[in-house]
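S.K.: fold the following and give me the result.
(chains A and B)
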Amino acid sequence: MTVTLFIPCFIDALFPRAGISMVEILERLGHRVVCPEEIACCGQPPFNSGYWDEARPVAAKVLQQLASAEAVVIGSGSCGAMVKKFYPELFAGRPEEALAKQVASRTWEFSDFLATKLGVTDLGATFPHKVTFHDGCHGLRELGIKTSPRALMAKVKGLELVEMSEAETCCGFGGTFAAKFPMISTAMGDVKCASAIETGAEYIVSNDSSCLMHLQGLLTRQGKPLKTIHLAEVLNQV
Amino acid sequence: MSSFVSQFKTQASAKTADLRHRQVIRTALRSYEVVRDKRKAAFQSWESARQAAAETKWEAINHLDTHLEALTAKLEARGTKVHWASNAAQAREIIAQILRDTKARSIIKSKAMTSEEIHLNHALEEAGYTVVESDLGEFIVQLRHEPPYHIVFPSMHLTRGEIKDLFQRELGDAPSDSPEELTMVARRVMRQKYLTADVGFTGANFAIAETGMISITENEGNARLTAALPKTMITLLGIEKVLPRFADLALFLPMLATAGAGQPMTCYNTMYSGPRQPGEVDGPEAWHVVLLDNRRTELLADPEQRDALHCIRCGACLNVCPIFRNVGGHTYGTTYSGPVGSVITPHLRGLQDWKHLSNASSLCGACTEACPVKIDLHHHLLHNRRNASAGQPAFFERLAYRGFAVLANSPLLWSLAKKAGWLSQPLQKLVKGSALDPAKAWTKTRDLPPQPSESFKDWWKQRKKTA
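M.R.: All right, here's what the predicted structure looks like:
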């Protein structure tokens, strides 16, 4: 199958290793990967801030780029939710609505694409570390993805998953919320990090780089040894 | 910045830094979560129960006019006087008139968030009446001269040691910090007040249109005494409290108890159908029911967010909300705090003044998942943001997003912006977290990730060339 990989702006600029891992994994599974170079961002920052008129041109360009894709894979639950769930709402009653719904129905978050759409969980990866998993809220509650990342991690050799008590609690990133209300965002991040540290894990794994950027930023600042890593990078350790 | 938003930010900064507060709330809500999950598991299907409750509430709210008329007719048939209040001032005036007519001096109250909404205690005390809250949590916050911290657990922010000190100071009686002994102190004070009160004031959990009944749910028995002992009873409720049928309580009573406090059923569930009838030996001689609109009908007129009127005030969304847990109930500055408060306050008190509450959310959706009547809470926060920006856009923010849209849609500009970001890193490190740092909202408490020289797209292009 030809997979159209949508690389979120975060991954493109700050965490290219996660995106490269996705390409390599999909190609190893025998799929042809294309990556529309014209796409920069899904438009979530203006959308979540309430500036829907400013979000629409960005989203419209994404739709145009994805219009003929067989399957769209996004390496982020958050950007995945934007395309799958919020594009149809953003374009409700507008000419792009039908296309938005079509694209939404063909769009997958990366881990869910592997485990649910392709039915592949064993990627032959080895990651001999104790990890805990952070469920990004958009992936968890907008897209209902809970089991796919865990099914994939279960097949990674040497990986020991220890669930944290606050696995489903928001990390406090929340996009522009992190900058508009930094005190609340930081307090939420502290709660999350404390819960992750309690498990004794070496890594927080997640399918959302934006959450991890926030958590890693706190951990580094506070001199904590706990590290963060995108699930795709874990799965690409072959 | 409006005074409401600056007050919110100041208090949020103080509370999020208060680690003792964080610990007290976490401990309280952890034990709530354990019992709630146990009670949810006792339902054959919690999800089906939520769906059924949402549908019943949909029916109730979408035919609110006919249900309210039916309720009123049934109540009046048994001698209850029903009053309609369009706003808070009217509700206060109706209540004041009843107090004047009955020559009342003292009022005993059971828990009613609607009375907080219309600032009733303050108005009555100004007018010289004695007002005593009889719900233990409300009694405690009344002694502290502060509003309830939480719509269901008004004094959850206080430890028993603090309550002991408060009782010692205000009542001169606190033998120990044991909850039982402190409760006995409050009980002794309250029993006297019951005997001398002229009017008993209550809220309501549900109003049954079919039978003309007001359903009140409580754990302490104080609402029953409030309704039974004084000669006059006044009940104030929001118009959204109506349920079509008596049988609906079979679902809503256990659901409210489970979602609100992790109980199978609240200890006392009473259905009031009228004042003392001929031949009856007890109960109030007169009962006044005040139905409060206070801009609820404006919310009703909004098809997108109308389901916010489904709210049964269980507090489940507050309990799971990471924002509420970190900033605490008082920081909101509203009668209804937490996610549901952030959704409805802009409708009840003005969108532009209260839009910051919808922005102060990570939109995580834990509230929507917890809501027993399936209100689409976190999406309504998003809708409030959209409506606020459309109504009164922030000049620089809109400009920034217009610039962002241009940038995002131009591959050349986007890659230049990335390069500029990469080049500015050494400079950024120099000013990190200081007043000079344009990213200080982020960098004051967090590091920025190092930006690699090669982006994913650089890698991709290079790879295509060599392939």
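
S.K.: who's in contact with the closest residue to chain A within the stretch 151-300 of chain B?
M.R.: Nearest to chain A, among the residues of the stretch 151-300 of chain B, is B:H157, at 15.7 Å (C-beta to the nearest C-beta). (Each C-beta comes from the backbone N, C-alpha and C, glycine too.) Neighbour list for B:H157: B:21, B:24-25, B:149-150, B:328-330 [criterion: C-beta atoms under 8 Å, 6 or more residues apart in numbering or on different chains].

S.K.: how near is the closest residue to A:K155 other than its chain neighbours to chain B?
M.R.: Closest residue in space to A:K155, ignoring its immediate chain neighbours: A:D122 at 4.0 Å, by C-beta to C-beta, 6 or more residues apart in numbering or on different chains. Counting by C-beta to the nearest C-beta, to the nearest Å, the gap from A:D122 to chain B is 26 Å.

S.K.: any idea how far A:D122 is from A:Q237?
M.R.: Applying C-beta to C-beta, to the nearest Å, the value for A:D122 to A:Q237 is 13 Å.

S.K.: likewise B:R386?
M.R.: In terms of C-beta to C-beta, B:R386 sits 42 Å off from A:Q237.

S.K.: ok, these two, which is more surrounded?
M.R.: B:R386 (22 against 18; other C-beta atoms under 10 Å in any protein chain shown).

S.K.: so the more buried one is in which element?
M.R.: helix B:377-391 (DSSP states H and E).

S.K.: show me what that helix is packed up against.
M.R.: On a contact count with 3 or more C-beta pairs under 8 Å, 6 or more residues apart in numbering or on different chains; DSSP states H and E, helix B:377-391 meets helix A:52-66, helix B:338-349, helix B:351-359, helix B:366-370.

S.K.: those: which one's closest to A:M22?
M.R.: helix A:52-66 (16.0 Å; C-beta to C-beta).

S.K.: ok, and what's touching that closest one?
M.R.: A:4, A:6, A:36, A:38-44, A:46-47, A:72, A:82-83, A:87, A:90-91, A:96, A:99-100, A:103, A:107, B:386, B:389-390, B:398, B:401-402, B:404-405, B:408-409.

S.K.: what about B:L436, neighbour count?
M.R.: Number of residues near B:L436 (other C-beta under 10 Å) recorded here: 10.

S.K.: quick one on the thing from earlier: got the helices and strands packed on helix B:377-391 as CSV, with distance to A:L118, mean neighbour count and mean pLDDT columns?
M.R.: Converted to CSV, these look like this (distance: least, C-beta to C-beta, whole Å; neighbours: other C-beta atoms under 10 Å in any protein chain shown; pLDDT from 0 to 100):
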stretch, distance to A:L118, mean neighbour count, mean pLDDT
helix A:52-66, 19, 21, 97
helix B:338-349, 37, 25, 97
helix B:351-359, 39, 21, 97
helix B:366-370, 28, 23, 98
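
S.K.: wait, which of those helices is closest to A:K146?
M.R.: Once these are compared by C-beta to C-beta, helix B:366-370 is nearest, at 11.8 Å.

S.K.: could you say what helices and strands the closest one packs with?
M.R.: For helix B:366-370, the packing partners by 3+ C-beta pairs under 8 Å, 6+ apart are helix B:316-320, helix B:338-349, helix B:377-391.

S.K.: go through the last one and flag the buried ones.
M.R.: Burial within helix B:377-391, assessed by neighbour count using 16 or more other C-beta atoms under 10 Å in any protein chain shown, is assigned to B:377-389.

S.K.: ditto for stretch A:218-232
M.R.: Quick answer for stretch A:218-232 (16+ other C-beta under 10 Å): A:218-221, A:226-232.

S.K.: what's the span of that stretch, first residue to last?
M.R.: Using C-alpha to C-alpha, to the nearest Å, the end-to-end distance of stretch A:218-232 comes to 22 Å.

S.K.: so which residues make contact with it?
M.R.: Residues contacting stretch A:218-232 (C-beta under 8 Å, 6+ apart): A:11, A:15, A:17-19, A:21-22, A:25, A:75, A:110-111, A:131, A:149, A:152-153, A:186, A:189-190, A:193, A:196-197, A:201-207, A:209, A:212, A:215-216, B:445-447.

S.K.: for PyMOL, what selects the buried ones among those residues?
M.R.: Only the buried entries of the contacts of stretch A:218-232 go into this PyMOL selection, using 16+ other C-beta under 10 Å:
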select buried, (chain A and resi 11+15+17+18+19+21+22+25+75+110+111+131+149+152+153+186+189+190+193+196+197+201+203+204+205+206+207+209+212+215+216) or (chain B and resi 445+446+447)
